[in-house]
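> Next comes the sequence, and after it the predicted model I'd like to discuss.
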Amino acid sequence: MKRTLLITGGAGFIGSHVVRRFVKKYPGYTIVNLDKLTYAGNLENLKDIETQSNYIFYKGDICDAPLITKLFEQHKFDGVIHLAAESHVDRSIANPMEFIQTNIVGTVALLNAAREAWRSNFDNKLFYHISTDEVYGSLGQNGKFTEKTPYDPHSPYSASKAASDHLVRAYYHTYKLPIVISNCSNNYGPNQFPEKLIPLAINNIKNSRPVPVYGTGQNVRDWLYVEDHAEAIDIIFHKGKVGATYNIGGDNEWKNIDLVRLLCKIMDKKLGRPEGTSEQLIQFVKDRAGHDLRYAIDSSKLQKELGWRPLTTFESGLEKTVDWYLSNQKWLDNVISGEYQEYYKKQYHLR
Ligand code: NAD
Ligand code: DAU
């Protein structure tokens, strides 16, 4: 089947896994990747598929309405998978405005362009908005987020994602724009920028630097291997019900401190260090402002209605992730040079 899809943010962590999956699995599709290449975007993530004939890359900003309109006119997209975003909570606390701009204004620019380009006929068109479980706020010790959990975002990042979700739904209700939304839990895997907990810890353990754990490390996250998320996106894009929301999660809750200890153990083995060596690097640091205690996703709707389930065990996913970072030193060196050093100093006040 021939189709042309716009994927935004395809040079980032999750986006690059989604682009790779679609380019390889659907040779009849033309995949157009639009990415601004912020500090988080990296074309190295797509080196293996960049010369494929069904792949096109544009460097550009989703807030640039004339550019988006031009791309819709030129490529006649049948679908959009929208991942481009400012994605790191700590950066949103330090600098909220970029999150408002990209996550809210950028999403509306895309919605407007899709609505205009598809106005004569919405048949077989789909605007798929990729969102996060953080829009639901924080859980206590029990319960899980379902698609019906009321929105209660706590950080500028999650508030901006919540606003974008509301706007996407508003375009569905008001203009009948065909949309679908998914809200996913914490992803991990190769190519994740080392500002996020797992790659940051791997990098620091490797270099025998302090591993910062916020507060007392009791916060809980539900971890999902990135390729399982990419598969869910594929299934929802092709089989999801127009107007619906699907929660995606790993059913895999870990307290941060337990997760970091596990990583230390794996790294000791991989690096041939005596057991317990890396754990000594753990350093409890000032807590994140407004730090959500616990996220956990109930993905039973997606499992029952569309047949998805996570395939990667945490054990094998973490092993693959650690191996990837250990054998991709050049990738890591490139991304931690320059801006990262400044960010790191400001964020952690650590060496
Ligand atoms: P990321 O930060 O790794 O990548 C974001 C990408 O978007 C980068 O390539 C960046 O260059 C691009 N981008 C940023 N601003 C842009 C703009 N104005 N115009 C065009 N491109 C721009 O993020 P990620 O972790 O891959 O997350 C991707 C999406 O998935 C986001 O929408 C995020 O909210 C959502 N999400 C992430 C997770 C997670 O655990 N990482 C979980 C659930 C949902
Ligand atoms: O839940 C989905 C969300 O997961 C996505 O929407 C976000 O884009 C993604 O960044 C992620 O958000 P988190 O804030 O949960 O991820 P992060 O890796 O930043 O932090 C995970 C947990 O670890 C969180 O409780 C904060 C803590 N942490 C994080 C860092 C970077 C530390 O203890 N120390 C750290 O240095």
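Structure's in. What do you need? Ligands and ions are numbered 1, 2, ... in the order given.

> where do the strands sit along the stretch 251-351 of the chain?
For the stretch 251-351 of the chain, the strands defined by DSSP state E, counting those that start in this stretch cover 253-255, 282-285.

> Switch those over to a markdown table; also include distance to A109.
(C-beta placed from N, C-alpha, C; glycine too.) Formatted as a markdown table, these follow (distance: least, CB to CB, whole Å):
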| stretch | distance to A109 |
| --- | --- |
| strand 253-255 | 36 |
| strand 282-285 | 37 |
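
> so which of these gets nearest ligand 1?
If you check each of the strands of the stretch 251-351 of the chain against ligand 1 by CB to the nearest ligand atom, strand 253-255 wins as the nearest, at 13.6 Å.

> Of the strands of the stretch 251-351 of the chain, which is nearest ligand 2?
Among the strands of the stretch 251-351 of the chain, the nearest to ligand 2 by CB to the nearest ligand atom is strand 282-285 (7.2 Å).

> what's the closest non-adjacent residue to W331?
Nearest residue to W331 in three dimensions, chain neighbours excluded: E44, at 5.8 Å (CB to CB, 6 or more residues apart in numbering).

> ok so, going back, return the most buried member of the strands of the stretch 251-351 of the chain.
Highest mean neighbour count among the strands of the stretch 251-351 of the chain (mean count of other CB atoms under 10 Å): strand 253-255, with a mean of 17.

> So what's the gap between that strand and the chain middle?
Offset of strand 253-255 from its chain centre (CA atoms, centre = their mean, to the nearest Å): 18 Å.

> For it, which strands pair with it and how are they oriented?
Strand pairing for strand 253-255, determined by DSSP bridges: strand 220-225 (antiparallel).

> In contact with S131, which residues?
S131 is in contact with 161, 164-165, 181-184, counting by CB atoms under 8 Å, 6 or more residues apart in numbering.

> With V19 instead?
Neighbouring residues of V19 by CB under 8 Å, 6+ apart: 7, 10, 31, 33, 46, 49, 55.

> Would you map out the domains in this structure?
3-188+222-248, 197-220+255-290+314-342 (automatic domain parsing).

> Including mean pLDDT and distance to ligand 1, could these go into a markdown table?
As requested, those are exported to a markdown table (pLDDT from 0 to 100; distance: least, CB to the nearest ligand atom, whole Å):
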| stretch | mean pLDDT | distance to ligand 1 |
| --- | --- | --- |
| domain 3-188+222-248 | 98 | 2 |
| domain 197-220+255-290+314-342 | 97 | 10 |
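
> Many thanks, I have nothing further to ask.
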